[in-house]
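[1] Pasting the sequence and the predicted model now:
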Amino acid sequence: MAEHEHVPHVRVAVIGSGFGGLGAAVRLRREGVTDFVVLERAGAVGGTWRDNSYPGCACDVPSHLYSFSFAPNPDWPRTFSGQEHIRAYLEHVTDVFRLRPHIRFDSEVKLMTWDAERLHWSIETSSGSLTADVVVSATGPLSDPRIPDIPGLDSFPGKVFHSARWDHEYDLRGKRVALIGTGASAIQIVPSIQPDVAKLTLFQRTPPWVMPRVDRPISGFERGLHRALPFTTQLRRGLLWGIRELQVQAFTKHPDELGFVERLAKRNMARAIKDPALRAKLTPDYRIGCKRILLSSSYYPALTQPNVDVVASGLTEVRGSTLVAVDGTEAEVDTIIFGTGFHVTDMPIAERVVGADGRTLAEAWKDGMAALRGATAAGFPNWMTIIGPNTGLGNSSMILMIESQLNYMADYLRQLNVLGGRVAFDARPRAIDAWNHTVQERMKRTVWNTGGCTSWYLDARGRNTTIWPGTTSEFRGATRRVDLAEYEVLRGTGAAEPGRGSEETKLGVGA
């Protein structure tokens with residue numbers, strides 16, 4: 001943008017309108033900050049729960065735990081909610097907290113550049129430009145689908161799409177369908193489409209551990225009770241949270257204790273899969289919990305149907321309509337559906353964030369993602385992320401982690417206000433190194449690092465930059481307050497209108 005071009009300026013720009021972005025918007029309003037905008041690339045709120053609308057899409061965390069503590073929903077229809085119910089909940093939150101005036105739809109962020117002279121971010125979007133004192137990136141790790149580079153895929157004559165970009169206009173009835181991948185999406189898609197397709201070939205690179213999904217409708221009596229006595233909703237949420245907090249040690253400190261859960265999972269498989277050869281294909285060779293434990297009571301039964309074939313090998317090549325697996329198995333198909341996950345450890349948004357030294361966040365993270373308390377990165381002042389590095393969970397609700405990061409965001413803004421004037425915080429490299437060292441040392445004994453699997457939790461170097469190796473209560477304690485000793489304080493000098501300024505000075509707070 002031109003040097004003197006007038007562009008809108010806001011105190012805070014939030015990127016994305018999923019759980020993280022909407023939660024940030026609500027928290028900003030509750031903190032008295034109304035000068036903010038939510039930049040959303042799509043035409044509606046919802047994030048992951050807007051984009052993932054494939055058949056059978058649902059959450060594997062209980063409904064009352066997978067919702068904001070400040071916006072309890074007494075009317076969840078099932079113990080595990082479907083995509084349509086979660087998306088409706090997010091629309092409801094948007095309306096109840098009057099967030100729509102702050103949301104700029106169809107505004108994909110193309111570039112964010114730190115202006116070291118004016119101490120603000122210059123943001124270019126598909127709908128125009130603006131500047132912001134603070135950027136809160138809530139794009140989420142499950143937002144950009146990953147499709148593997150398969151030789152010959154471009155020449156496939158049939159239909160190809162990713163589970164997160166489901167083509168609802170395309171009729172699968174009577175088609176020969178290949179589903180690539182066996183993650184959380186795939187095990188929901190398989191039983192949903194199996195009755196309709198002529199043939200379903202599942203390309204399984206690694207079998208998942210699958211436990212029964214104990215799902216049921218929530219009765220009218222229960223919902224009425226929750227509406228009449230709101231504390232019962234909080235009690236239910238608290239019980240669900242407590243159970244998962246107690247489970248954490250088995251994942252983080254004593255993976256051997258998960259052997260009992262493995263036996264339950266094998267028993268679950270044996271009840272549904274009578275064919276020994278198929279059972280052998282579906283039995284994992286790694287410790288349960290190393291990859292996310294999947295929940296389904298219909299996945300295994302669907303795999304036993306005569307129109308389903310499980311190929312215990314990954315897809316390696318496409319020759320016309322013929323798909324070829326690593327083990328040489330071939331399958332003629334009309335449709336390819338990729339359930340191959342997302343860009344998690346290499347988030348595309350990182351390529352669009354340019355910091356103080358002219359490097360992109362992707363360049364800064366080329367050796368692996370690392371952020372102070374999962375939120376801030378050195379060289380990127382007044383920029384923070386929600387669901388950042390090592391904030392993911394393997395057994396509980398991400399909403400708990402999001403709310404902890406919102407606490408951190410709120411105190412970050414309070415500290416900026418206390419110092420007054422044009423001021424910015426830049427995370428100290430040594431503070432990030434110390435935090436990341438502690439996290440990675442704790443990670444060494446977890447099931448995610450010792451369980452013998454290769455998961456999407458690991459980056460290209462084999463480092464786990466995704467999961468938090470502790471309880472959600474520990475993380476909440478670690479993000480309750482901003483420690484200024486972990487930051488360099490940048491101050492602008494001279495009088496300036498909002499969003500404008502002159503040279504910056506550096507104050508070594510807590511050096």
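    Arrived safely, thanks for sending.
[2] Residue 385: how many residues sit nearby?
    Residues lying near residue 385 (other CB atoms under 10 Å) number 30. C-beta coordinates here come from the backbone N, C-alpha and C atoms, glycine included.
[3] Check the gap between residue 212 and residue 60 for me.
    12 Å (CB to CB, to the nearest Å).
[4] Pretty sure residue 491 sits in a strand.
    Yes - counting by DSSP: H, G, I helix; E, B strand; the rest coil, residue 491 is part of a strand.
[5] For it, give its distance to residue 433.
    25 Å.
[6] Look at those two and report which has more neighbours.
    Here residue 491 and residue 433 are compared on neighbour count by other CB under 10 Å; more neighbours surround residue 491, at 17 against 13.
[7] Was I right to think that one contacts residue 426?
    No - counting by CB atoms under 8 Å, residue 426 is not a contact partner of residue 491; they are 11.5 Å apart.
[8] Can you name the residues that contact the residue nearest to residue 166 when sequence neighbours are not counted?
    In this structure, residue 166 finds its nearest non-sequential neighbour in residue 54, 4.4 Å apart by CB to CB, 6 or more residues apart in numbering. By CB atoms under 8 Å, 6 or more residues apart in numbering, the contact set of residue 54 is 163, 164, 166, 185, 188, 189, 192.
[9] quick one: residue 54 is in a strand?
    No - per three-state DSSP, residue 54 lies outside any strand segment and is coil.
[10] pLDDT value on it, please?
    pLDDT, residue 54: 97.
[11] so where's this protein shaky on pLDDT?
    1-5, 493-511 (pLDDT under 70).
[12] Recalculate using a threshold of 90.
    The model of the chain has pLDDT under 90 over residues 1-7, 141-143, 256-257, 343, 345-348, 394-395, 456, 460-461, 492-511.
[13] which residues are in contact with the lengthiest strand in it?
    Once the chain is assigned using DSSP state E, the strand that runs over the most residues is strand 128-137. Residues from elsewhere that reach strand 128-137 (CB under 8 Å, 6+ apart): 1, 5, 7-16, 21, 24, 37, 107, 112, 115, 118-123, 349, 353, 382-386, 409, 412-413, 416, 422, 424, 499.
[14] go again using 7 Å as the cut-off
    1, 7-15, 24, 37, 112, 120-123, 349, 382-386, 409, 413, 499 (CB atoms under 7 Å, 6 or more residues apart in numbering).
[15] can you check stretch 260-268 too?
    Counting by CB under 7 Å, 6+ apart, 209, 210, 211, 212, 288 sit against stretch 260-268.
[16] Restricted to strands, list those.
    The strands, defined by DSSP E, take in 210, 211 from these.
[17] and the contacts of stretch 260-268, which two are the farthest apart?
    Across the contacts of stretch 260-268, the longest distance by CB to CB is 13.9 Å; it joins 212 and 288.
[18] which one of these two has more residues nearby?
    Shown here are residue 212 and residue 288; by other CB under 10 Å, residue 288 has more neighbours (26 against 15).
[19] That one against residue 258, yeah?
    Yes - using CB atoms under 7 Å, residue 288 is in contact with residue 258, at 5.2 Å.
[20] okay, how far is it across stretch 382-398, tip to tip?
    The first and last residues of stretch 382-398 sit 24 Å apart, counting by CA to CA, to the nearest Å.
[21] now the strands for the stretch 401-511 of the chain?
    423-427, 487-492, 504-507 (DSSP state E, counting those that start in this stretch).
[22] I'd like the ones you listed as CSV, with distance to residue 238 appended.
    Formatted as CSV, those follow (distance: least, CB to CB, whole Å):
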stretch, distance to residue 238
strand 423-427, 33
strand 487-492, 34
strand 504-507, 43
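[23] Among the contacts of strand 128-137, name the ones in strands.
    Residues from these lying in strands, with DSSP E as the criterion: 9-15, 37, 112, 120-123, 383-385.
[24] Closest one of those to residue 64?
    residue 14 (25.9 Å).
[25] Count the residues that sit near the closest one.
    Around residue 14 there are 30 residues (other CB under 10 Å).
[26] check contacts around it.
    Residues near residue 14 by CB under 7 Å, 6+ apart: 21, 24, 25, 36, 38, 39, 136, 138.
[27] Quick one: the helices in the chain, in order.
    Using DSSP state H, the helices of the chain run over 19-30, 48-51, 83-96, 184-193, 220-228, 230-252, 259-272, 276-282, 299-303, 361-364, 398-419, 429-443, 447-450, 472-478.
[28] which stretch among those helices comes nearest residue 336?
    Of all the helices of the chain, helix 184-193 sits nearest to residue 336, with 12.7 Å by CB to CB.
[29] list the buried ones in the closest one?
    Counting neighbours by 16 or more other CB atoms under 10 Å, one finds that the buried residues in helix 184-193 are 184, 185, 186, 187, 188, 189, 190, 191, 192, 193.
[30] so what does it touch, helix or strand wise?
    strand 176-180, strand 199-203, helix 299-303 (3 or more CB pairs under 7 Å, 6 or more residues apart in numbering; DSSP states H and E).
[31] want to throw these into JSON lines with mean neighbour count and distance to residue 47?
    Output for those, formatted as JSON lines (neighbours: other CB atoms under 10 Å; distance: least, CB to CB, whole Å):
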{"stretch": "strand 176-180", "mean neighbour count": "24", "distance to residue 47": "24"}
{"stretch": "strand 199-203", "mean neighbour count": "24", "distance to residue 47": "28"}
{"stretch": "helix 299-303", "mean neighbour count": "21", "distance to residue 47": "25"}
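[32] And the ones you listed: which comes nearest residue 50?
    Nearest to residue 50 among the helices and strands packed on helix 184-193 is strand 176-180; the distance by CB to CB comes to 22.2 Å.
[33] For stretch 81-95, buried residues please.
    Those would be 81, 82, 83, 85, 86, 87, 89, 90, 91, 93, 94, for stretch 81-95 by 16+ other CB under 10 Å.
[34] Alpha carbons of that stretch, in PDB - could you do that?
    The C-alpha coordinates for stretch 81-95 follow below in PDB (Å, rounded to 0.1, in the frame of the first residue of the first chain):
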ATOM      1  CA  SER A  81     -22.900 -33.600  18.400                       C
ATOM      2  CA  GLY A  82     -23.000 -33.700  14.700                       C
ATOM      3  CA  GLN A  83     -21.500 -31.000  12.400                       C
ATOM      4  CA  GLU A  84     -24.800 -29.300  11.800                       C
ATOM      5  CA  HIS A  85     -25.400 -28.900  15.500                       C
ATOM      6  CA  ILE A  86     -22.000 -27.500  16.200                       C
ATOM      7  CA  ARG A  87     -22.200 -25.100  13.300                       C
ATOM      8  CA  ALA A  88     -25.600 -23.900  14.500                       C
ATOM      9  CA  TYR A  89     -24.100 -23.400  18.000                       C
ATOM     10  CA  LEU A  90     -21.400 -21.100  16.500                       C
ATOM     11  CA  GLU A  91     -24.000 -19.200  14.600                       C
ATOM     12  CA  HIS A  92     -25.900 -18.800  17.900                       C
ATOM     13  CA  VAL A  93     -22.900 -17.500  19.700                       C
ATOM     14  CA  THR A  94     -22.300 -15.000  16.900                       C
ATOM     15  CA  ASP A  95     -25.800 -13.600  17.300                       C
END
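[35] Please consider this matter closed, and thank you.
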